Structures are given as structure tokens and as C-alpha cells.
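Peer 1: model this:
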Amino acid sequence: CRPERITPFAENLGEVLRGDRIENSLYQLRMRDDEQCKILCKIDKLTAAQAAAFTDKIEDYYKINMILDNLPAARVTIYQTQDGEQTTFYKRGIYVGFKANVQDAAIDGEDEIKYFLNNHLRFNILYHRDGATDLSRIVGFEVEAFSVQHKYEKPWDPKKPVLDTCNPGRMIAVSNSQTPQAVEEGAEVIFTYDVRFTASDIRWASRWDTYLKMTDVEIHWFSILNSLMIVLFLTGMVAMIMLRTLYRDIAKYNALDSQEDPTEESGWKLVHGDVFRPPQKGSLLATYVGIGVQLISMLVVTLLFALLGFLSPASRGALMTASVVTYVLMGGIAGYAAARLYKAFRGEQWKQMTLRTAFLFPGVLFGTFFVLDLMLWGEKSSGAVPFGTLALLCFLWFGVSVPLVFVGSFYGFKQLAPEDPVRTNKIPRQIPQQPWYMHPAVCCVLGGILPFGAVFIELFFILTSVWMHRFYYLFGFLALVFVILGLTCAEISIVLCYFQLCSEDYNWWWRSYLISGSSAFYLFVYSIYYFCMNLDITKIVPMLLYFVYMAMFSYGFFCVCGTIGFLACWVFVHKIYSAIKID
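Peer 2: Numbering: from 1, shown residues only. Sure, this is the predicted structure:
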């Protein structure tokens, strides 16, 4: 059933990237005008292609999404709380149909799976009436789907058809007790709908509350408490190192400074002449730190706007649009941070480093996204991003982000290099053989567990929101989890960095980044578990989309966590070596 002329509605950048396409339909509604058994259209015979298409959509649990006055169509679900009270929740979308086991006499009474089409919709539109002006505003859009094999008086009259299965004059309404509409080649299908307007006490300002109502707030609080326990444990370890071990070490080292026997030195003071030696591939490390700073700035600004209520679900695509625009505008901060660190490494080829900062992360994302978009075009999916949007993304990247990265890098490299608290020896010190538990791979495996453990419960709700199209509006919880994640990354990196320096290994630069960044590996492994346990995807292209997008998300998570861990270790190392006396 398609209108004679399909009119697409204008969408913002976030809606297009999410795959939302809004078009008109044949359904007609008049305010506060109830109607029953309205005929939408009639298909004389389902072709083999149409029957196969409906069967595939039902098998894959496709949903029909509608919008009325900016409110999405929702199925009503009644939950009973622990107190015995019943509360109403909305679930978006109406299923195309359903499948069921049907006894078939043709095959000796054995059960056969058949597919049935939801061809009748009952709209229950809630409205709030203003007593002073007698004006009404829509505050709810509820839909109930039915499958009914319609019968009618023959011959079929296109202008005034008379249905036997749905006739308000005869007091016959569609119900679940009627024979459902089977999806079969050659089947005749009649699409109908009812409209009912119901007065409601819900006011216009709070009409989204039912859509955003959460049933698992206790789980979010459990997630916060679980994360806080991890943070408290790490904070205790850091406090013990800072207040007891380091204080004792610094006091001992400063007391030994007046003596003439340098052989009594031990631990992390021994590597003071090498601890600030620039690392190998310092330009690449500066690039990744700049990328991480850009992503962290984007997350902080976007979360701030979300907490202030500017990114409500009522504004479709606003969150995605704000994230993309904010990321582009944070290019100057990325260039400045990368250039300052590269200058500290005494690097000279700042232009190459800046190019890498401007193109590495967005280039990987855009290239992967473009290949996936070509696959969606091949599948004729509505989620395929049009060429105009791709051109807009390229403009934001090359016309805004890249120049800002160069501007920030220019000013960052122009400033004087930060001074190290101790001088670096000309000849590198030999690193003694390290115990097995201080191997970089072991440290990364152990160090990535705790940051991931602090966020994995909240991660479930984020993945559910993205892949199962549910609303996520608990930005307060998300902000707390983000703060806890930052603390966990910083503290685990500081603890392992201290143990590394005590083992007289001064190659802490890359390891401090990789230790906390390795939590991205656990995130990707969890995404595989989530796919197997919660998603029912069998086709190759959707499966490929899921895993590639999750790999891209894990890559960004790696840059964010790694940058937090590196910057924390940077401050930590500068503080402890500036507190001791070195001749």
C-alpha cells in the first residue's frame, strides 16, 4: 500500500546517519474523530515475490515505525512492580506479522510453521484537552496490531466496500479470535485500521515520560555501586603508594643525597636519568594522544548538553548530530595536545605528525563507513547514507576539522617545550631482566580488566539502545559511569607504572597508554557475547555491519582509555621525580 506520490521529509544529519527515512503514508486521521474499519487498500493476489518478502520480514522480526505529531507509534506493555502496582510502558514499533505452528491435515496432522500478516491496526491516540480554549494536543500514540482474514460482500465495490469481518454498523470489530491472514502466494489481503481518540490527563510537557520510563533503574544503581567498589579499591592502592611508599622513598632518597655512596640507591630513583627519554615512535604516540583528547572533549561536551536537556529523544537524531559536530570542532584541541607532547619529545617534523592526527582516526572510520555504505546500497537498504550526506561529512572533515587541527598544532608547537624535572643521560641505562608478571602483555591483560569491569553493566543498556532501537535517556548515570571509567583508567595505569619504574624499567610511555587502552579488547569480546545472547541476526551483511561497527567503537574506546591512562602517568611521573633531589 503506497501513496500515489511519496514525499520524503527533511531529516537532520543524525537521522540520516542512523538510517531514519520519514515518508508519508495512506493513513488519514482527523482530530477527535473516531473511525472504525477504515479500508487502507486491497491486494488482489500476493505474488511469489511479495509473499517471500513478507515471510523474510516476519522471520527477521521487522517492525513498522510510524510517527504522529513527532511521537513514535508504541505497543503498550503493562508491568507489575514489586509493590503490586501496575505501570504502563511503551515499546516502539509494530511487528510486520508473526509465525506459529499450525496443524496441517494434508501432512497427517503434523505441525507446520506458517506466517501471518498484521493487516489491521488499531490506533489509540491520547489527547489532552485545554478547558479554557477547548484546544486539544496529542500526548500519546498507541497502536495494537491484528491479523485477520477479511471477508466481504461480493462483488467488491471499490467506493463503498462492505466487510463481514469488520463492520461498525453490525457491531463487528476485529479481534484476536478471528481467522488470521496467512502469507501465501495468491492470497487476497485487505489492509484496514481503526482510530480511537482517548482523553488523557497527561500534559504536553510530560508526554514523553511514558516513552522514557525505565524498568531497571535498580540495575543502573547496582552498576554504579559495582564501579565505585572498583574505584575505591584502586584509590586505596594509589593512596597507599602515594602516602606511604612514595613518601618513604622520597624521604630516603633525599637523606641519601647528602651521602657519597650512590650504590645505596634502589628502585625508581635509579632510572631518573632515563625516565624522560623520548620513546620509540614518539610521533605516533603524540598522534594517538591527540586523537584521544579530541574524543574525550567530544564526549564531555556532548554529555554536558545531554545533561542540560538539549538532546532529548523528541529531537530525533540530535544526539548523533551533536556528537559529529562537536568532534569536528574539537580538532583544534587535538592538534594542540599532540603538538605539545611531540615538542616534549624534541620532535621536529611536526607537519607530518599533524597530518597523521588529522587523518588517522577519521580516515579509518570514514573509509570503513564508506565500504559498509556500498554494501547497504547493494542490499537496497533504507539505511544507506546518500551521496550528499557523504559529501557533507567530507566537507566537515576537510573543511573544518583538518584546518582546526593544523591551527591547534601550530600554536602548540610554537610554545616552548615543557621542562623535565630531571636531566636525561646521553647513554641509555640497561634494563635488567623483568619478572614474567611485568611483561607488557601480562600488564595489558590484567590492566584492561578493571576499566571494563567498571562499565560493562551500563554498556549492556547502551548496546540495547543502539541495536534494539530502545530509548536511552539516563545521561546522569552515563556521566557517572564515564567519570568512574576515567578514574579507573588513571589509577590502574599509575599503579602499574609505579611497579614498572620500581623494576628499573623506564619504558613507560607506550605501556601507560596500552594498559588502560587494552580494555577495548574486552569490550569487543563482550560485543561478541552480546551478539550471541541477545541478537537474532543470521544474514551476512547485517552481521558484518554489527561486528565492524563494534570494532570501530572499540577502536575509539581504546583511544579514550589509553589517553586517560597516559596523561595520568605523565602527571604522576613528573610529580614524583620533581620531589627528589638529583645532583
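
Peer 1: helices or strands up against whichever helix or strand residue 100 is part of?
Peer 2: In the assignment (DSSP states H and E), residue 100 maps to strand 97-104. Applying 3 or more Cβ pairs under 8 Å, 6 or more residues apart in numbering; DSSP states H and E, we find strand 97-104 packed against helix 48-59, strand 110-117. All C-beta atoms are positioned from the backbone trio N, CA, C, and that covers glycine.

Peer 1: Just the CA atoms of the first one, as PDB, please.
Peer 2: Translated: helix 48-59. Only the C-alpha atoms of helix 48-59 are listed here, as PDB (Å, rounded to 0.1, in the frame of the first residue of the first chain):
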ATOM      1  CA  ALA A  48       5.500 -15.000  -5.000                       C
ATOM      2  CA  ALA A  49       8.000 -12.100  -4.600                       C
ATOM      3  CA  GLN A  50       5.600 -10.300  -2.200                       C
ATOM      4  CA  ALA A  51       4.900 -13.400  -0.200                       C
ATOM      5  CA  ALA A  52       8.600 -14.200   0.100                       C
ATOM      6  CA  ALA A  53       9.400 -10.600   1.200                       C
ATOM      7  CA  PHE A  54       6.700 -10.600   3.900                       C
ATOM      8  CA  THR A  55       8.000 -14.000   5.100                       C
ATOM      9  CA  ASP A  56      11.600 -12.800   5.300                       C
ATOM     10  CA  LYS A  57      10.500  -9.700   7.200                       C
ATOM     11  CA  ILE A  58       8.400 -11.700   9.700                       C
ATOM     12  CA  GLU A  59      11.200 -14.200  10.200                       C
END
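
Peer 1: Can you tell me the strand partners of the helix or strand following it and which way each runs?
Peer 2: With elements assigned by DSSP H and E, the helix or strand that comes after helix 48-59 is strand 63-64. Here strand 63-64 has these sheet partners by DSSP bridges: strand 94-95 (antiparallel).

Peer 1: The strand holding residue 100: which residues count as buried?
Peer 2: Within strand 97-104, the residues scored as buried using 16 or more other Cβ atoms under 10 Å are residue 97.

Peer 1: right, and the helices and strands packed on strand 97-104 - which one's nearest residue 562?
Peer 2: Residue 562 lies closest, by Cβ to Cβ, to one member of those: helix 48-59, at 41.9 Å.

Peer 1: could you give the mean pLDDT of the closest one?
Peer 2: In this model, helix 48-59 carries a mean pLDDT of 91.

Peer 1: From the chain's centroid, how far away is that helix?
Peer 2: 31 Å (Cα atoms, centre = their mean, to the nearest Å).

Peer 1: and that helix with strand 97-104, angle?
Peer 2: On the basis of axes from the mean of the first three to the mean of the last three Cα atoms, to 10 degrees, helix 48-59 is oriented at 100 degrees to strand 97-104.

Peer 1: burial measure for residue 161, as a count.
Peer 2: By other Cβ atoms under 10 Å, 15 other residues sit near residue 161.

Peer 1: With residue 435 instead?
Peer 2: Using other Cβ under 10 Å, residue 435 is surrounded by 8 other residues.

Peer 1: Quick check: chain neighbours aside, which residue is closest to residue 449?
Peer 2: Closest residue to residue 449 apart from its sequence neighbours, by Cβ to Cβ, 6 or more residues apart in numbering: residue 522 at 6.7 Å.

Peer 1: quick one: that neighbour and residue 557, what's the gap?
Peer 2: Distance of residue 522 to residue 557, computed by Cβ to Cβ, to the nearest Å: 10 Å.

Peer 1: cool, and residue 67?
Peer 2: For residue 67, the distance to residue 557 (Cβ to Cβ) stands at 33 Å.

Peer 1: For those two, indicate the residue with more neighbours.
Peer 2: Legend: neighbour count by other Cβ under 10 Å for residue 67 and residue 557, higher for residue 557 (24 against 14).

Peer 1: Can you mark which positions in whichever helix or strand that one is part of are buried?
Peer 2: Residue 557 is part of helix 540-578, with elements assigned from DSSP H and E. By neighbour count on 16+ other Cβ under 10 Å, the buried set for helix 540-578 is 542, 545-546, 549-550, 552-570, 572-574, 576-577.

Peer 1: looking at the helices and strands packed on strand 97-104, which is closest to residue 454?
Peer 2: That would be, of the helices and strands packed on strand 97-104 and by Cβ to Cβ, helix 48-59, which comes in at 38.5 Å.

Peer 1: Next, the angle strand 110-117 makes with the closest one.
Peer 2: 100 degrees.

Peer 1: Which elements pack onto helix 48-59?
Peer 2: Applying 3+ Cβ pairs under 8 Å, 6+ apart, one finds that helix 48-59 contacts strand 97-104, strand 110-117.

Peer 1: ranking those strands by mean pLDDT, which is last?
Peer 2: Among those, strand 97-104 has the lowest mean pLDDT, at a mean of 81.

Peer 1: Give me the sheet partners of that strand and which way each runs.
Peer 2: strand 110-117 (antiparallel).

Peer 1: Just give me how far the strand it pairs with sits from the chain centre.
Peer 2: With Cα atoms, centre = their mean, you get 37 Å for strand 110-117.
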